[in-house]
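Asks: have a look at this prediction, sequence included:
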Amino acid sequence: YGYEYLGNSSRLVITPLTDRCYMTLGAAMFTRRGGNPLGPAGTGKTETVKALGVALGRPVVVLNADTSFDALAMSRILGGIVQSGCWLCVDEINRLEPAVLSLLSEQIAAIQQVLRRGASSMAFLGKEMPVAGNAALFVTLNPAGEGYGARSELPDSLKGLFRPISLARPDSANIA
């Protein structure tokens, strides 16, 4: 974290489901793919990614996506994440406009290829920029459909870049 004091943070309760999610996210990062925890609201998708980052000592930036994000804003955020080596978790990515999702899939594919090769720099947004090899990208989404507002299905080109992980509501008996 660059040696700054982050204070005492709350901890996620570790259940067998959380443990399996950690293992799957770790495998996705090993292959330089992103992780895609998915499931209904309240299942801990974003919190699990954040807790894994804390456990591994990685700063996690959570971006709550909505229709106000345009392609340039998302591109700049991706560029900053790749240069800094942080993890990015785009929460509810299926709220973004289809045109933004299409551009994101191209840019994320390029970033993942560079990370797989272990390159120290890449051309991005018309400039050469340094690449921190410990950067990682995650997306979460709630199901599209009734009761979840303006959410769309992810394009197949974007789905293929992330390892899906299905989460369910936690079992209260396991936690108690």
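Replies: The structure has been received and is ready for your questions. Residues are numbered from 1 along each chain as shown.

Asks: give me the three-state assignment for Ile170.
Replies: To be clear, residue 170 is Pro; Ile isn't right here. Of the three states, Pro170 takes coil under DSSP: H, G, I helix; E, B strand; the rest coil.

Asks: next, count neighbours for it.
Replies: For Pro170, the count of nearby residues is 16 (other CB atoms under 10 Å). Backbone N, C-alpha and C define where each C-beta goes, glycine included.

Asks: pretty sure it contacts Thr43?
Replies: Yes: using CB atoms under 8 Å, Pro170 makes contact with Thr43 at a distance of 7.3 Å.

Asks: list the beta-bridge partners for the residue nearest the centre of the chain.
Replies: Note on the chain: the residue nearest the mean C-alpha position is Phe138, at 1.4 Å, using CA atoms, centre = their mean. Bridge pairing for Phe138 (DSSP bridges) gives the partners Gly35, Cys89.

Asks: what's the separation between it and Leu161?
Replies: Distance, Phe138 to Leu161, using CB to CB, to the nearest Å: 11 Å.

Asks: find the residues that touch each one of these two.
Replies: The contact sets of Phe138 and Leu161 overlap at Gly34 (CB atoms under 8 Å, 6 or more residues apart in numbering).

Asks: and the spatially closest residue to Gly53 that is not a sequence neighbour, what's its pLDDT?
Replies: In space, and not counting its chain neighbours, Gly53 is closest to Val60: 3.7 Å by CB to CB, 6 or more residues apart in numbering. What the model reports as pLDDT for Val60 is 91.

Asks: which ones are touching Val60?
Replies: 49-50, 53-54, 86-89.

Asks: Asp91 reaches Asp66, doesn't it?
Replies: No: with contact defined as CB under 8 Å, Asp91 and Asp66 do not form a contacting pair (9.8 Å).
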